[in-house]
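**Q** Starting from these lines, generate the structure:
(chains A and B)
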Protein chains: 2
Amino acid sequence: MYKATISITLRPSILDPEGKTIQHALTNLGYDAVDQVRMGKQAEVWIDAASEAEAREVATEACEKLLANPVTENFEIQIESASREAVGEGTA
Amino acid sequence: MYKATISITLRPSILDPEGKTIQHALTNLGYDAVDQVRMGKQAEVWIDAASEAEAREVATEACEKLLANPVTENFEIQIESASREAVGEGTA
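**A** Coordinates of the predicted model:
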């Protein structure tokens, strides 16, 4: 079992209104040191694969076909081996 | 100038309907190897601080006061030094 941590961010040339809004809010809270904020998504995907390369291939295809918009977003994948016991299935 | 990459994830005990939906979609696309998906947010924050410790302090307070919900979310902060030139301000 492998865990892919996928970071999906807007391409630098794309305007980020959410990031701008958060930056203004932080400035209003007194955090003038905050120069800029860019928001993105993160996906943690547990993949039952035979090798790290196979897990990376599944994660890459998942990004290209579903998770990331190829026109406006970039994605980065980090793969680590993970134990079989699933992350909390959410009981709350 | 420092750049904080903040990863905000749901606590393991919290149900993640978005993650479940994406997992089903990936299975329908034929990716049966995908065992589970947990979605989260990522914030990239450029901080004009004198030291890494100071930048980490600003990023931590920004999470506690605004970016992360203390009841349902965890956050992790990675700090790296960054060049002054701002990331693309978004021209598109």
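**Q** I'd like to know which elements the longest strand anywhere in chain A is packed against.
**A** Secondary structure of chain A per DSSP state E: the longest strand is strand A:34-47. If contacts are counted by 3 or more C-beta pairs under 8 Å, 6 or more residues apart in numbering or on different chains; DSSP states H and E, strand A:34-47 sits against strand A:2-10, helix A:17-28, helix A:52-62, strand B:2-10, strand B:34-47. C-betas here are computed from N, CA, C, even on glycine.
**Q** A:Ser13: how many residues sit nearby?
**A** 12 (other C-beta atoms under 10 Å in any protein chain shown).
**Q** wait, is it part of a helix?
**A** No. Applying DSSP: H, G, I helix; E, B strand; the rest coil, one finds A:Ser13 to be coil, outside a helix.
**Q** so what's it scoring on pLDDT?
**A** The model reports A:Ser13 with a pLDDT of 93.
**Q** Now do the contacts for A:Ile8.
**A** Residues near A:Ile8 by C-beta atoms under 8 Å, 6 or more residues apart in numbering or on different chains: A:40-43, A:63, A:67-68, A:73-75, B:42.
**Q** Which one of those sits in the busiest neighbourhood?
**A** Going by other C-beta under 10 Å, A:Ala43 tops the contacts of A:Ile8 with 25 neighbours.
**Q** Just the pLDDT at that one, thanks.
**A** At A:Ala43, pLDDT is 98.
**Q** again, but for A:Glu89
**A** pLDDT at A:Glu89 comes out at 53.
**Q** want to throw the helices and strands packed on strand A:34-47 into JSON lines with distance to A:Ser83?
**A** Formatted as JSON lines, these follow (distance: least, C-beta to C-beta, whole Å):
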{"stretch": "strand A:2-10", "distance to A:Ser83": "9"}
{"stretch": "helix A:17-28", "distance to A:Ser83": "34"}
{"stretch": "helix A:52-62", "distance to A:Ser83": "14"}
{"stretch": "strand B:2-10", "distance to A:Ser83": "18"}
{"stretch": "strand B:34-47", "distance to A:Ser83": "12"}
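**Q** So which of these is nearest B:Arg56?
**A** strand B:2-10 (7.3 Å; C-beta to C-beta).
**Q** Leaving out the residues flanking it, which one is nearest to A:Lys65?
**A** Spatially, and ignoring its direct neighbours in sequence, A:Lys65 is nearest to B:Leu29 (6.0 Å; C-beta to C-beta, 6 or more residues apart in numbering or on different chains).
**Q** didn't A:Met1 look like it was pressed against A:Ala82?
**A** Yes. At 4.9 Å, A:Met1 counts as touching A:Ala82 under the criterion of C-beta atoms under 8 Å.
**Q** do stretch A:11-26 and chain B meet at all?
**A** Yes. Applying C-beta under 8 Å from any C-beta of the partner chain, one finds stretch A:11-26 touching chain B at A:11-16, A:19, A:22, A:25-26.
**Q** Show me which residues of that stretch are buried.
**A** The neighbour-count check on stretch A:11-26 (16 or more other C-beta atoms under 10 Å in any protein chain shown) flags A:14, A:16, A:19-20, A:22-23, A:25-26 as buried.
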